[in-house]
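Student: the sequence and its predicted three-dimensional model are supplied below.
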Amino acid sequence: MGRWNGFQDTLMYIQNPDLFPLQLKLYQMIQNNMVSELTRLEGASGARITPEGLKAASVIFATVPILLVYPWLQRYFVSGVMVGAVKG
């Protein structure tokens, strides 16, 4: 953790690893050897889990909920910008 990364603020302010945001946990999982350790497990169907497949599933798991919720929240973003706008 010696080099600067995008999660430096989170690492400074949040000391409990259980409270880290999903993006930081995903980053740590992909960067560490956790992926290679998890790939030793076999799926329920007996299929072998590859590191690339596990990384891809983790990224999709983190991204899809954001993509599903954003269209409903977009109207609030637009209305917030319009409230702060100055007509001139």
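Tutor: Happy to help now that I have it.
Student: show me what contacts residue 58?
Tutor: 26, 29, 30 (C-beta atoms under 8 Å, 6 or more residues apart in numbering). Using the backbone N, CA and C atoms, a C-beta is placed for each residue, glycine as well.
Student: show me which of these are buried.
Tutor: residue 26 (16 or more other C-beta atoms under 10 Å).
Student: next helix or strand past the worst-scoring helix or strand of the chain on mean pLDDT?
Tutor: Every helix and strand of the chain was ranked by mean pLDDT, DSSP states H and E. The lowest is helix 34-38, at a mean of 62. Sequence order places helix 51-84 as the next helix or strand after helix 34-38, per DSSP states H and E.
Student: remind me which residues of this protein are low pLDDT?
Tutor: 1-6, 33-47, 85-88 (pLDDT under 70).
Student: tell me, what residue is most central in it?
Tutor: Geometric centre of the chain, nearest residue: residue 23, 2.8 Å, by C-alpha atoms, centre = their mean.
Student: excluding chain neighbours, what is closest to that one?
Tutor: Leaving aside its chain neighbours, residue 23 sits nearest to residue 62 (6.7 Å; criterion: C-beta to C-beta, 6 or more residues apart in numbering).
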